[in-house]
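> build me a structure from this.
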Amino acid sequence: MTRRTVIGGAAALAAAGFQAVPAYAGGTSGHGPGKTVRLTVMGTTDLHGNVFNWDYFKNTEYDDSAHNDIGLAKISTLVSAVRDRIAADRHAPRPLLLDAGDTIQGTPLAYYFAKIEPITGGHTHPMAAAMNRIGYDAAALGNHEFNYGLDILRRFQRQLRFPLLGANAQDWTTGLPVFPPYTLKRVHVPGEKPITVGILGLTNPGIAIWDKANVENKLKFGGIVELAKIWAPRVRQAGADVVIASVHSGMDLSSSYGDALPYPENASVLMAETVPGIDAVLVGHAHLEIPERLVTNKTTGEQVVLSEPLKWGMRLSLFDLDLEKVRGQWKVVGRHSQVLNANSVAADPDVVALLQKDHDKVVEYVNSKIGTCTEAMSAATAPWEDTAALDFVNFVQADAVSKALAGTPQASLPVLAIAAPFNRAAAIPAGDVSVRDVAGLYVFDNTLLGVTMTGAQIKDYLEFSAQYFKQVTGTGPFPSDQVTNAPTSTAPNGTPDYNYDILGGLSKPLTYKIDIAKPVGSRITGLAYDGTPVAADQQFVVAVNNYRQSGGGNFPHVKTAPVVYNRQVEIRQLMIDYVTATGTVDPNTFHTTDWSLISNGSPITVTG
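Prediction:
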């Protein structure tokens, strides 16, 4: 299951980008005083349910513009090559393998064994099976581990042959950790005392917002820096010569939730700089490739090495920690890191064989026909123009909430819905429609809620959403990257598509224009419902996903808006059920919105 050239051993490492790093210059190899021992630690993160190099939404092998490959089967080949290289040196200690979280959500493979044939029924989760076969030593919790509820998470935890760590995942009442905070690994060194490696796991405080429905009154999540300050010394006191933190938090300070929590979302560098006693950090959450970042701890003056291996099994981080005996104790005296590229190696046939039946079952499920569509619907241009694809998402959400509110006091209120262009590659074809066609349009496992908001709040919400656009004048044509994904204080690298929301109506259209020549906060013009300007005190029911309603993206008003509907139904499943029940989908029947971009009042042209 690979397009790539099949290579192995040293050649595989060279092709993957491996660079031999000289040992610590102050030490010597061999035995005796001053001997330097190199401990290698490998790391993955944000695997998101990827075992195979397969795109379930396109029903073909995965590929992207950089020709990345994905999945644990590829990672397994790299891990074996690293282990073989180190085993060839009879003086080298066994390498360790860690993960930094977001493991059991993100692909139809993961969804199937959480929702269609849940692992609570006895089936081993494919990610657990693959990670056990590869031989991980520890993993940290990611925020997406909580998406399917605590029962699924606890079953996954029990299926693992290694600890699932989370020092800041705490009991709601006692504050005590409900997952192991750390683990100790004794690594044999030929002819010497073992090296005791402490692995500290920390997860993202944003779970309290993003999965509020699953964790409220059960778990709370302290700050990464705050809890690291408590637990790093305890790991040392427990006997660790080396402390490695596996942290589901990006490098540099930022928070998608603004000031909704007192703890930053991305804090790995801050932790390394301010918490004494940490030698290396495996970073996750941000989906970035950072081979090596060296920072200096402000208390000890010691360097800390950090690495983040992109996402989905595209890369494997490789830490080299050189240790020397200092007064009889091992001490880190040199540190380096790099990443290896998985697109240069073949998939491990043992991992493929282990999970082929699971994979085939999911491929059959996602390709099953559930209905037809009269016209093709594409999300390719959804970030900058009104599309039937996003209208479809909004229609299904609003329709579900409207039907559920029948007979309630809110039944007479107009219903709106909110959707973001998650996946520009998504498209529902004309003709036969499969599960994967619909699932590709809504790639997150969000559930649906309904809240009440005023016209003034809707206007504020749209103004906040419109900061997604860069400020430009003239009518274009503009390439889309000159208009979309504007950087902000909370998204300095550019606002992601999933943090741009489009609003639409159900029985009547919501219309508005976004004037991107104007500064942020004064861009929305012509806001009207059914052709009548929206009044500031006008009441609406708004269908919204749980991520947004719980504060994800830090949009105004929605977090505190009264909730009138919450049945914990996944939006993607509602869309699949709608197509299945309707049989034939006609995009002309759910034109829920009419919005457009303008510049100083004139329409503009944006190209893909």
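> can we go C-alpha only for contacts and neighbour counts from here?
OK.
> N493 contacts P487, correct?
Yes - counting by CA atoms under 8 Å, N493 does reach P487; the two are 5.5 Å apart.
> so which of the two has more stuff around it?
P487 (16 against 11; other CA atoms under 10 Å).
> I'd assumed P409 was in contact with S402.
No - contact criterion CA under 8 Å: S402 and P409 do not qualify, at 11.8 Å.
> spit out the contact partners of the nearest residue to T44 once chain neighbours are set aside.
Here the nearest residue to T44 in space, its sequence neighbours aside, is D99; by CA to CA, 6 or more residues apart in numbering that works out to 4.7 Å. Contact analysis of D99 by CA atoms under 8 Å, 6 or more residues apart in numbering lists 43-45, 136, 138-140, 246, 282.
> among those residues, which pair sits farthest apart?
Y136 and L282 (14.0 Å; CA to CA).
> of those two, which one has the most company?
L282 (31 against 21).
> which other helices and strands does the helix or strand the more buried one falls within contact?
Using DSSP states H and E, L282 maps to strand 280-283. Strand 280-283 is packed against strand 242-247, helix 268-274, strand 303-309, with contacts defined by 3 or more CA pairs under 8 Å, 6 or more residues apart in numbering; DSSP states H and E.
> closest to I524 out of those?
helix 268-274 (37.2 Å).
> where's Q397, which helix or strand?
helix 388-404.
> do I have it right that W231 meets N168?
No - contact between W231 and N168 fails when scored by CA under 8 Å: they sit 9.5 Å apart.
> so between these two, which is more surrounded?
Counted by other CA under 10 Å, W231 and N168 do not tie: N168 has more neighbours, with 30 against 20.
> residue contacts, the more buried one?
177, 181, 202-203, 205, 220-224, 227.
> so for S402 and P409, which sits in the more crowded spot?
Set S402 next to P409 and count neighbours by other CA under 10 Å: S402 wins out with 24 against 9.
> residues contacting the more buried one?
S402 touches 411, 415, counting by CA under 8 Å, 6+ apart.
> Y442 too?
Y442 touches 422-423, 571-572, counting by CA under 8 Å, 6+ apart.
> one step back: can I get the helices and strands packed on strand 280-283 in a markdown table with mean neighbour count, distance to P414 and mean pLDDT?
Shown next, in a markdown table, are the helices and strands packed on strand 280-283 (neighbours: other CA atoms under 10 Å; distance: least, CA to CA, whole Å; pLDDT from 0 to 100):
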| stretch | mean neighbour count | distance to P414 | mean pLDDT |
| --- | --- | --- | --- |
| strand 242-247 | 27 | 44 | 98 |
| helix 268-274 | 22 | 45 | 98 |
| strand 303-309 | 27 | 46 | 98 |
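> I'd like these laid out as CSV, including distance to A528.
As requested, those are exported to CSV (distance: least, CA to CA, whole Å):
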stretch, distance to A528
strand 242-247, 46
helix 268-274, 45
strand 303-309, 46
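> let me know which of these is the nearest to D320.
strand 303-309 (9.5 Å).
> just want the angle from the next helix or strand after that closest one to strand 242-247.
As assigned by DSSP H and E, the chain's next helix or strand after strand 303-309 is strand 315-326. Computed by axes from the mean of the first three to the mean of the last three CA atoms, to 10 degrees, the angle separating strand 315-326 from strand 242-247 equals 160 degrees.
> partners of strand 315-326, with directions?
strand 36-44 (antiparallel), strand 329-341 (antiparallel) (DSSP bridges).
> got the CA coordinates for the first one in PDB?
Which is strand 36-44. C-alpha atoms of strand 36-44 as PDB (Å, rounded to 0.1, in the frame of the first residue of the first chain):
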ATOM      1  CA  THR A  36      29.400   9.800  27.000                       C
ATOM      2  CA  VAL A  37      26.300   7.700  26.400                       C
ATOM      3  CA  ARG A  38      23.700   8.600  23.800                       C
ATOM      4  CA  LEU A  39      20.100   8.000  24.600                       C
ATOM      5  CA  THR A  40      17.800   8.200  21.600                       C
ATOM      6  CA  VAL A  41      14.100   9.100  22.000                       C
ATOM      7  CA  MET A  42      11.600   8.900  19.100                       C
ATOM      8  CA  GLY A  43       8.300  10.700  19.000                       C
ATOM      9  CA  THR A  44       5.100  11.100  17.100                       C
END
